[in-house]
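[1] need a structure here:
(one chain, ligands or ions: 1)
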Amino acid sequence: KALAKKVKEEVRAAAARMERRPGLAVILVGDDPASQVYADGKKRDCAQCGIYSEEYILPAETGQEELMLLIETLNGRSDIDGILIQLPLPAHLNERAVLSVVRPDKDVDCFHPFNVGELMIGEKGFYPCTPASVMRLLAEYGVELSGKSCVIVGRSNIVGKPLAMLMLRENATVTICHTRTRDLETECRRAEILVAAAGKAKMLDGRHVGQDAIVIDVGINVDENGKLCGDVDFPSIEPLASMATPVPGGVGAVTTAVLAKHLVLAGRRQRGN
Ligand code: NAD
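    Okay, the predicted model is just below:
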């Protein structure tokens, strides 16, 4: 929470110095309640930073062409610097095709294949907000990655894979675990930095954490009592870990602040300053 506040203060100051405040468009298709909660959080943080945002809530049966036309319109608007399409999209829509229509310089969460490629080969494009927030957290708390053993549980395109690339850039030795990993406990226990991004409530516990490991919990789940929780069973890892992020108030809080930062960057780039 403290880091999220700090990033938002930086963004607010940067946005206030701009001639025109940056603008975000969020597109939601269908009525997935979790997507609405995430979108609300993004709009709230952007508003706190002085960033303009507008939201498009489209019915679940929206056609591919209609959605693409909306994106094309937003691509052409000079007051919109970033476009976010809330995933998942309804099954009848071709997610890859839709994401590829967003102008890469407005793709503030790095979904476009061009930006994914930039991330891979080491150029400076946009990084996905959640992996970027994990990296910012590690930097903020003085965690050096070079030579360290980092284990990421989860291989999705939006968290696990891009985070592995960012960690590799910092010269970490990275292992990605997933549902077919044979011995998850052993893989996780040898991590100096363990990142949980599987989306399974409290699946990692004291058996998965080595002495003094740093544990970053990306998961956002609801537990058996309807309470928000991460992928890590916090009380059981607390005696082992040297540092750990909570859920809520950890990675998720920093992620929306990082999104606001990307909006400022996008606004500056599009105006050539
Ligand atoms: P996803 O479902 O696309 O991917 C989950 C990955 O975890 C898969 O690669 C799968 O192989 C792996 N996995 C699942 N169960 C496993 C198991 N039992 N053992 C080993 N590996 C397993 O999910 P995602 O979109 O990457 O999101 C992961 C979690 O992070 C979710 O809880 C999501 O809500 C959360 N999330 C948080 C933020 C944030 O800002 N904090 C952003 C995005 C996603």
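
[2] Assess the claim that L67 and A60 are in contact.
    No - with contact defined as CB atoms under 8 Å, L67 does not count as touching A60 (11.5 Å). For glycine as for every other residue, the C-beta is placed from the backbone atoms N, C-alpha and C.

[3] Between these two, tell me which one has more neighbours.
    The neighbour count for L67 versus A60, taken as other CB atoms under 10 Å, is higher for L67 (21 against 13).

[4] From V108, how far off is that one?
    Distance check for L67 against V108: by CB to CB, to the nearest Å, it reads 18 Å.

[5] With K200 instead?
    According to CB to CB, K200 stands 28 Å off from V108.

[6] So the two - more neighbours on which side?
    V108 (28 against 14).

[7] residues contacting the more buried one?
    24, 81-84, 126, 129, 259, 262-263, 265-266 (CB atoms under 8 Å, 6 or more residues apart in numbering).

[8] among those residues, which are in helices?
    Members of the contacts of V108 lying in helices (criterion: DSSP state H): 129, 259, 262-263, 265-266.

[9] ranges for the strands of the stretch 101-250 of the chain?
    Applying DSSP state E, counting those that start in this stretch to the stretch 101-250 of the chain gives strands spanning 149-153, 173-177, 193-196, 214-217, 221-222, 228-229, 243-244.

[10] most tightly surrounded among those?
    Highest mean neighbour count of the strands of the stretch 101-250 of the chain: strand 193-196, a mean of 28 (counted as mean count of other CB atoms under 10 Å).

[11] residues making contact with that one?
    134, 138, 143, 145, 148-154, 163, 167, 172, 188, 203-204, 208-209, 213-219, 230-232.

[12] hmm, 6 Å instead?
    The contact list for strand 193-196, computed with CB atoms under 6 Å, 6 or more residues apart in numbering, reads 148, 150-153, 188, 204, 213-217, 219, 231-232.

[13] got the residues of the stretch 151-273 of the chain near the ligand?
    153-156, 158-160, 177-179, 181, 184, 197-200, 203, 218-221, 251-252, 255 (CB under 6 Å from any ligand atom).

[14] Verify the contact between V264 and A14 for me.
    Yes - shown here, V264 and A14 form a contact pair, counting by CB atoms under 6 Å, at 4.8 Å.

[15] Neighbour count: those two, which is higher?
    Neighbours were counted for V264 and for A14 using other CB under 10 Å; V264 has more, 25 against 19.

[16] what's the spacing between the more buried one and V37?
    Note on V264: its distance to V37, by CB to CB, is 24 Å.

[17] next one: Q48
    Shown here: Q48 relative to V37, a distance of 17 Å by CB to CB.

[18] Buried residues in the one helix or strand in the chain whose mean pLDDT sits lowest, which are they?
    Least confident helix or strand of the chain, by mean pLDDT, DSSP states H and E, is helix 33-48 with a mean of 89. Buried residues in helix 33-48, counted by 16 or more other CB atoms under 10 Å: 35, 38-39, 42-43, 45-46, 48.

[19] In JSON lines: those residues, plus distance to V29.
    Shown next, in JSON lines, are these (distance: CB to CB, whole Å):
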{"residue": "S35", "distance to V29": "9"}
{"residue": "Y38", "distance to V29": "14"}
{"residue": "A39", "distance to V29": "11"}
{"residue": "K42", "distance to V29": "16"}
{"residue": "K43", "distance to V29": "17"}
{"residue": "D45", "distance to V29": "22"}
{"residue": "C46", "distance to V29": "20"}
{"residue": "Q48", "distance to V29": "26"}
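
[20] Dump the strands of the stretch 101-250 of the chain to TSV, plus mean pLDDT.
    Below are these laid out as TSV (pLDDT from 0 to 100):
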stretch	mean pLDDT
strand 149-153	98
strand 173-177	98
strand 193-196	98
strand 214-217	98
strand 221-222	92
strand 228-229	94
strand 243-244	98
